Every structure is written in C-alpha cells, then in structure tokens.
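Visitor: I'll drop the sequence and a predicted model, then ask my questions.
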2 protein chains.
Amino acid sequence: MFAGCPFKILEKPKFVYDGKWLKMREVRFRKCDSSQEQVWESVHRRRVPQSKPDAVVVFATLHRDGKKYFILIKQYRIPMSGMCLEFPAGLIEEGETIEAAGLRELKEETGYTATKILSCTKGKQSLSPDLADESISIMMVEVDGDAPENKNLKQDLDDGEIIECNDIPPEDVLNGKVVLVECEKLLSYIEFICTEVYVDSMVYTFALGMNYAQHFR
Amino acid sequence: MFAGCPFKILEKPKFVYDGKWLKMREVRFRKCDSSQEQVWESVHRRRVPQSKPDAVVVFATLHRDGKKYFILIKQYRIPMSGMCLEFPAGLIEEGETIEAAGLRELKEETGYTATKILSCTKGKQSLSPDLADESISIMMVEVDGDAPENKNLKQDLDDGEIIECNDIPPEDVLNGKVVLVECEKLLSYIEFICTEVYVDSMVYTFALGMNYAQHFR
C-alpha cells in the first residue's frame, strides 16, 4: 500500500471510524532519521476500490448567440455550512467511463447536453491530499446552447442536492438554476462574489490560470 | 451554523469521531419536500475556529536567467499512498496573516524567498466541499531567482514532511528538491507525468486555464 513511501510506517493502518459514506484512517509513522512517532489521520470514501478516479469535474463552455459562458453551479454544501460556486461534478459509478459520468453529471446538475468533449485528463488528480485520498479527473466539454436539446432545461438532482441561484446576479450572469459567466469575465465575477460564497478552489484556479496566460506571460 | 440552508436539518450536528487532528461530523437532514431522512458525513480540522481560511496555496513563478518557471513540490502523501505534484501550501497559524503564511510556507518548503506578492484571494475557497469544510486562500508571487537569497537554498520542513524529487526529470525540470517547470510547458509536463504521480487538481486546473486562454478564447 505504501510503495515508495519515504516514511517508516510503524503499524498496519487502522480505520478508527466507519460511517455510512466515509471512513477515517490512522497511520502511525516516523521519519527515517527520527525516533519521533507521529500519526496521520485521513478520510476515505467507503466504496468499492476502483482504478478510476472517484469523481469527474466538468469544465463546460456554453456557446450561445455568439457568446461563450462557463457553466457553473451554486449549491449549498452541508460540510461547508454555506453556498459554494463550483464546476459541475460527481462520482463515477461502477462500470461507468469517466466521459460517460461527466456527461451524465453535467446533464443531471445543469440540464445541459454536451456537444463535444474537448479533453479528459488521464491518471488521478488529488483534491485535498493532506486530508483525503479522494481523486478526480477533469473533463472539458463544449455545449451548443442553440441546439434544441439545450433549450427548456430540466435538472435531475440526487436526493442530497439542491442547486439553485436566486440571487440578483451581476449583468453577466443569467439563469436561475445554474450560473453562467461570460468566459472573459470569469475572474472579475469571482472577485465580485468571493466574499459572499465559497468559490471552489478549482474555479478560482482556472480563472487565475486564464488571467496569468493573458497578462503575465 | 446553517444559515441559508435549503435543507431541513433534523438534529444538532454531532461529532462522531474526534482524532488528534481531524474530527468527523454527521448531519441528519431531509429535503424540504421529502420525508426521506439522510445523513451527510464530513471531516473537519480540530483547531481553533478563525475567520481566515485554514491554509494558503502559493502560485510562485521563478524568474531566472531570462526564463520563467513555476515552483512546484513533489511529496509523498500518506492519505493518497503516493507521490503528489502540488503547489507549495500550508496551514495559516493563529495570529498570522495569509500573506505571511504564504511567504513562510514557500520558504520552508522550497527555500525560495518571494520578491513580490502579485495577488492574494479574498474570502475562503473550498477544496473538497462535498467531504470537508477545509478552505484556502491563493497567493500569487514572483521570485527573483538571480537574487542572492535565492541561491544555495535550504528547506526547513515540518516533522511530517519530506519534499524531494529524485526522478530523472524531463529536460525542462531542474532541481532535486522542488520541481521547476518552465511556465510555457506546464501542461505538457503534467500530461507527461500524470499517470506516474498524482497531479494535484489545482496544478492541473491552472495549466488548463492557461491553455484555455491561449487556444480556446
């Protein structure tokens, strides 16, 4: 389990809590040049181990009336006790491909049907590697907002999900259920709302990456 | 605690596990239009509540000999049971400003002293809002690699940290302790190693944001 680990693992890792969805693990270890014993606690999803990442995150751009928007969702997150602005995302089901899961989650959470898959990351990307073993893949898609299937949208949410946006949005934001932000205005939109809602680190990081390429190269 | 929550919270949240560093919480709830009771489990750091984010993540560019590099770190993460490629980052200490924490963590983890702070995000950014209440701030800095303080670097790691890179790197990667990647080559470097190590989602997302701005605008 700990192949390549530079620490000395002192005993078999043990699960100290086993919930309905999550488990908590303790690993006792020390640095090889130290006698100081330490413990690393981490959280793990309680699910069948699979070679795929746990979840897929979908970066979707909507093309409509000659403009481009990022499709974001704003939802209440019980762990955070507050509203979060995030990319659509969800767990990959057993036997499902990453791409199929991404298309399904986009459709369920936002109503949109992707027209084209631009890319999908390989491997597994860590999300909070200090705390959890959770991993994701990132899929980029385009959505043709003028296509018939992308009119009169309908969400199909899981029992634990409510995704809605009822705020008075700035002028570059449309739609009451998902948040559409003009691609060029992503960073300024985020800076506008980041003290009101939790902007997910991936959304913020994507905007900073775009801004870096435009202004600091 | 759950101001603005669209779910009906059915009882006072309870901590079902209390470790040395982490706690696990259970919240019983239902959707307002459903009688189906559900439980949301989440993980929380065991620390003094503060208005600041838990941690700061540092996007640092090193300017050296007329070239620009991102300063990344590659470290073994016990929760992931593997090596992760990440931005330097760390917890913000009590009484410490976000900026001071970012400069300290960059110096401790990589040895580099930042020359200029470009930006620092406001609010709190969620990291894994489905699972945890953890939040971060993102700081962008520049490092003058030709300055005397940025020669002959020395790390100053915490007890639980070993940050090293002993692989044979592709030609655009230098340095045995931190990973320097030429800014323009970030995405191709990531695509090269993403099946060998866990590339952190923030690193991957930043590269995708840069690439998006360069090719899809």
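Guide: Good, I have the coordinates.

Visitor: how about stretch A:108-128: buried residues?
Guide: Using 16 or more other CB atoms under 10 Å in any protein chain shown as the test for burial, stretch A:108-128 gives A:108-115, A:118, A:120-121, A:123-128. From N, CA and C alone the C-beta is placed, and that goes for glycine too.

Visitor: next one: stretch A:189-209
Guide: Result for stretch A:189-209 [16+ other CB under 10 Å]: buried residues A:189-191, A:193-194, A:197-209.

Visitor: export it to CSV, keeping only CA atoms.
Guide: Presented in CSV, the C-alpha positions along stretch A:189-209 are these (Å, rounded to 0.1, in the frame of the first residue of the first chain):
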residue,chain,number,x,y,z
TYR,A,189,-17.1,37.7,-11.4
ILE,A,190,-15.3,35.6,-8.9
GLU,A,191,-13.7,38.6,-7.3
PHE,A,192,-17.1,40.2,-7.1
ILE,A,193,-18.7,37.3,-5.2
CYS,A,194,-15.8,35.6,-3.4
THR,A,195,-16.6,37.1,0.0
GLU,A,196,-20.3,36.2,-0.3
VAL,A,197,-20.0,32.5,-1.3
TYR,A,198,-17.2,29.9,-1.2
VAL,A,199,-15.7,29.9,-4.6
ASP,A,200,-14.3,26.4,-5.2
SER,A,201,-10.5,26.4,-5.5
MET,A,202,-10.7,24.8,-8.9
VAL,A,203,-13.0,27.5,-10.3
TYR,A,204,-10.7,30.2,-8.9
THR,A,205,-7.6,28.5,-10.1
PHE,A,206,-8.9,28.1,-13.6
ALA,A,207,-9.6,31.8,-13.7
LEU,A,208,-6.2,32.7,-12.4
GLY,A,209,-4.6,30.4,-15.0
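
Visitor: give me the subset of the buried residues of stretch A:189-209 touching chain B.
Guide: A:191, A:194, A:197-202, A:204-209 (CB under 8 Å from any CB of the partner chain).

Visitor: secondary structure element for the residue nearest to A:V179 when sequence neighbours are not counted?
Guide: In space, and not counting its chain neighbours, A:V179 is closest to A:L72: 4.4 Å by CB to CB, 6 or more residues apart in numbering or on different chains. Applying DSSP states H and E as the criterion places A:L72 in strand A:67-77.

Visitor: which helices and strands does that strand pack with?
Guide: Counting contacts by 3 or more CB pairs under 8 Å, 6 or more residues apart in numbering or on different chains; DSSP states H and E, strand A:67-77 packs against strand A:55-64, strand A:82-86, helix A:98-110, strand A:179-182.

Visitor: got the angle for the longest one vs strand A:82-86?
Guide: Note on geometry: by axes from the mean of the first three to the mean of the last three CA atoms, to 10 degrees, helix A:98-110 and strand A:82-86 are set 130 degrees apart in direction.

Visitor: what is helix A:98-110 packed up against?
Guide: Under the contact criterion of 3+ CB pairs under 8 Å, 6+ apart, helix A:98-110 touches strand A:55-64, strand A:67-77, strand A:89-91, strand A:116-120, strand A:135-144.

Visitor: can you tell me how far the residue of chain A found nearest chain B is from B:K23?
Guide: Across chain A, no residue is closer to chain B than A:G209, which sits at 2.3 Å (CB to the nearest CB). Remark: distance between A:G209 and B:K23 (CB to CB, to the nearest Å) = 33 Å.

Visitor: A:E109 now?
Guide: When A:E109 is compared with B:K23 (using CB to CB), they lie 29 Å apart.

Visitor: one more: A:G82?
Guide: 18 Å.

Visitor: isn't there a helix covering A:G209?
Guide: Yes: under DSSP: H, G, I helix; E, B strand; the rest coil, A:G209 sits within a helix.

Visitor: re earlier: quick check: which of the helices and strands packed on helix A:98-110 is buried the most?
Guide: strand A:55-64 (a mean of 23; mean count of other CB atoms under 10 Å in any protein chain shown).

Visitor: give me the contact list for that strand.
Guide: For strand A:55-64, contacts defined as CB atoms under 8 Å, 6 or more residues apart in numbering or on different chains pick out A:68-71, A:87-92, A:98, A:101-102, A:105-106, A:110, A:112, A:114, A:134-146, A:150, A:180, A:183, A:202, A:206, B:201, B:208, B:212, B:216.

Visitor: can you give the distance of stretch A:108-127 from its chain's centre?
Guide: 10 Å (CA atoms, centre = their mean, to the nearest Å).

Visitor: with stretch A:114-128 instead?
Guide: Distance of stretch A:114-128 from the chain centroid (CA atoms, centre = their mean) equals 10 Å.

Visitor: the bottom helix or strand of chain A by mean pLDDT?
Guide: strand A:173-174 (a mean of 36; mean pLDDT, DSSP states H and E).

Visitor: confidence score at the spatially most central residue of chain A?
Guide: Centroid-nearest residue in chain A, with CA atoms, centre = their mean: A:V57, separated by 4.5 Å. Per-residue confidence at A:V57 stands at 98 (pLDDT).

Visitor: okay, and the beta partners of it?
Guide: Assessed by DSSP bridges, A:V57 has beta-bridge partners A:A89, A:I138.
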